[in-house]
Each structure stands twice: as structure tokens, then as C-alpha cells.
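Colleague: Structure here, sequence nowhere to be found:
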């Protein structure tokens, strides 16, 4: 019986690892029910630590990414065209930076319409106040948000907190006045809630992030609970793409600042530690392989893929029948001359087992190996339907990943 040995990537610590490994095991067994699974957890003992408690990291104040605080200023493209991919990935990238961006734009767009005081039309007698409509829709989620969150793989407290914060947002009044259609309003609210929950998940550096399909299912379920028709769950998103997509002010600065912050984060430090002192991690993997009955399939995510490839290059193991790297930088390090065990243009050793490499082109930390090693690596592209960096953690909720692995199991 085949044993799949999972080795995690950067920044993973407990309790996140147990959640990640449980998700991996359930996902693989759905397509390969007879496979045994095992894990190589190195983050707790061998992962990077800030020895001085983070004294090297400059302090910066201000609101963190995510949450439902005051919305950032938003602008649209000058030409009035949509700025995003066909499935809305760029729109979601904006919403992860500011979950209230769509609602803020809707409120701003409707602020000058109408003929009543302040530019707004008078309300008909008995009509609900603008803020009452969105809050009434949100009230329909009482007692149901938890089930929806669990079904989508979202932590229940994150979604519950998003509902509470959104219900108190001053933007609801403007959005309620600007969006008269309850179904469209429900979808706007649903996207804001899911974006806030996922942004909080990303801020927490969670090892597993729902892929685009699970995210969209959560939006559809929330919108349906608030009265939107399930078969039209994507109508609101399509409308958003047809109008100018919101771009957050200082967009490039935010991205650059996030990248600089990541450089001081333990996730990046894990990579630097491995490149400087990688032998303890390679030894940990070799020991884990020796404890298992062959055939063994080593499956490494991100840095885990680098460790796996490096270990198998340096130390042949007849027990290992297949190497799987997922969202890994191993090919890039090799081409850059930074892979410890093999330097470009040296070829892969003959003893290396078959190599399956899974990547998502939106994952900026995933690379391809077949152009570097023709005939030795099989690259399989998947679409996690998430923008970066969420794309890097969304592999393990994407059935296509497990399907690709199961098809190659010995």
C-alpha cells in the first residue's frame, strides 16, 4: 500500500499544522481512498525563531490588512473599463485589502443622485430607512453564519466578527440608498463578509486558505440566506466587473510594503534558515522516510518541496517512488544557483524518482520544472482562483491538486 508523506512549507506551526495535515489527508483520500498518509512536521522544532523577540523589525502603526474599519479611498480606472481577470480575481485582491471597497464605491456613487435634501430623493411614506435594508438582510444570517463558514472552510469566529462589524458600519446607509435591488445588495454584503473573513485568515498566516470555488460558494450561500436567488449568485460579481473595478489608493505602495514586511516574517526566515543551515531539515525528512513501508510518495508544499528535492538529490532512497512538489520554489532556486544540492546547469541525478510539480500561475511562489529538466519533471497547472498571496495557501482545498496526485500514485 502506498504511503503519502506530507512535508509542509514556510511559516507553519501548531495548531495550524494539524489543521493543514488533516485537510491534506481528507482531500487525498477522496481520490485515493486506500492511500496511507504520514507527516514530516519540522516547523515546531527546526523552524526559524526571532531570537530577540523581533527587535530587528521596524514598528509601523496603522490598521492591518483586513477587518471592517473605515474604508480606504477608492478610485476607478480612467478609461472606465474593468481592471480584472474574467473570474474576478483582481476584484477579490482589492476586497482582501479593503473588504468595504465595493460598498464604499456604491455609497459614493449614489450620494449625489436624487432630488431631495442633500441630493437624495425623498423616501416614500412607510419605506424603510436606507440603513435598515442592509441591516435587515444581515439579520437573516443570525444562527446560520456558522454553518456557512464551516461549509466553506472558514473559521467561524472570523465570519461572525465580520457580520458584527459590518452591521455597525456607517457605509450601510449610503449603500442601502444607492443599491435599490435587494438581491444585488445581498451579494455586495456577502462579498464584503467573505472578504473580511479571508483577509483575517491571511493576516493570521493560516496554512490553508479556501480556493476560489469554496470562496464563491460561501458568497452564494450567504447571499441566498439574505434572499438572493442561488442561480444568480454570480450576477453581482459580473456587474462589478462590467463597471470600473475599484482600485485602492496607494495600491502599489501597499503591495510593496506587504512584500517588505514578509521579508522579516518567520515564513521568509524559514527559507533563509534552510539555505544557511538545511541539513537538520533534510535529516528529519530522511528519518521520516525510513520509518515508512515502501512505496513512499513524498509530497512537499513550498519550502517542503525544496527540502524534499534537495534530500533526494543528496541521498538516494529506493523507498521513494514519486516526488511531488506543490507551489514550490525549487526550480527557481536551481536556475538561480541557490539550490544547495544541485547547481544549474548540472542535470538531475539518475536516482531521483519521478517528479510531479503542481503550480498555479497566480501563485508567485510556484515555479515550473519541465523546461529546466526535459523528460524528468511533469508540470501540472491548477487554478486556485485566488489572487496572490492567497493562491499560495489555497492548493489544499482545490480538488484538482489531489486528482493530479492520485493519478500518479504507484
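Modeller: Yep, that arrived. Since we're looking at a predicted model, the values are computed, not measured. Residues are numbered from 1 along each chain as shown.

Colleague: what's the helix or strand for the nearest residue to residue 230 once chain neighbours are set aside?
Modeller: Excluding the flanking residues, the one nearest residue 230 by C-beta to C-beta, 6 or more residues apart in numbering is residue 224, at 4.7 Å. Placement of C-beta: from N, CA and C, glycine included. Residue 224 belongs to helix 212-225 when elements are defined using DSSP states H and E.

Colleague: what does residue 199 give?
Modeller: Per DSSP H and E: helix 182-203 holds residue 199.

Colleague: how close does the residue nearest to residue 230 get to residue 140?
Modeller: Distance, residue 224 to residue 140, using C-beta to C-beta, to the nearest Å: 10 Å.

Colleague: Compare those two and say which is more crowded by neighbours.
Modeller: The neighbour count for residue 224 versus residue 140, taken as other C-beta atoms under 10 Å, is higher for residue 224 (20 against 14).

Colleague: ok, that one touching residue 217?
Modeller: No: applying C-beta atoms under 8 Å, one finds residue 224 not in contact with residue 217, separated by 10.4 Å.

Colleague: Mind giving me the packing neighbours of the helix holding residue 199?
Modeller: If contacts are counted by 3 or more C-beta pairs under 8 Å, 6 or more residues apart in numbering; DSSP states H and E, helix 182-203 sits against helix 89-97, helix 101-110, helix 132-139, helix 156-167, helix 171-178, helix 212-225, helix 235-242.

Colleague: What residues sit buried inside that helix?
Modeller: Within helix 182-203, the residues that qualify as buried are 182-202, counting by 16 or more other C-beta atoms under 10 Å.

Colleague: nearest residue to residue 327 other than its sequence neighbours?
Modeller: Distances taken as C-beta to C-beta, 6+ apart place residue 366 nearest to residue 327, at 4.1 Å, with adjacent residues excluded.

Colleague: Could you check stretch 14-32 and say which residues are buried?
Modeller: Neighbour-count burial for stretch 14-32, counted by 16+ other C-beta under 10 Å, picks out 16, 17, 19, 20, 21, 24, 25, 27, 28, 29, 31, 32.

Colleague: What are the contacting residues of that stretch?
Modeller: Residues outside stretch 14-32 that contact it (C-beta atoms under 8 Å, 6 or more residues apart in numbering) are 2, 4, 6, 8, 12, 35, 37, 39, 41, 43-44, 153, 205-208, 299, 396-397, 399, 401-403, 405-406, 409.

Colleague: In strands only, show me the residues you listed.
Modeller: 4, 6, 37, 39, 299 (DSSP state E).

Colleague: Which residue, other than its chain neighbours, is closest to residue 293?
Modeller: Of all residues beyond its chain neighbours, the one nearest residue 293 is residue 3 (6.3 Å), with distances taken as C-beta to C-beta, 6+ apart.
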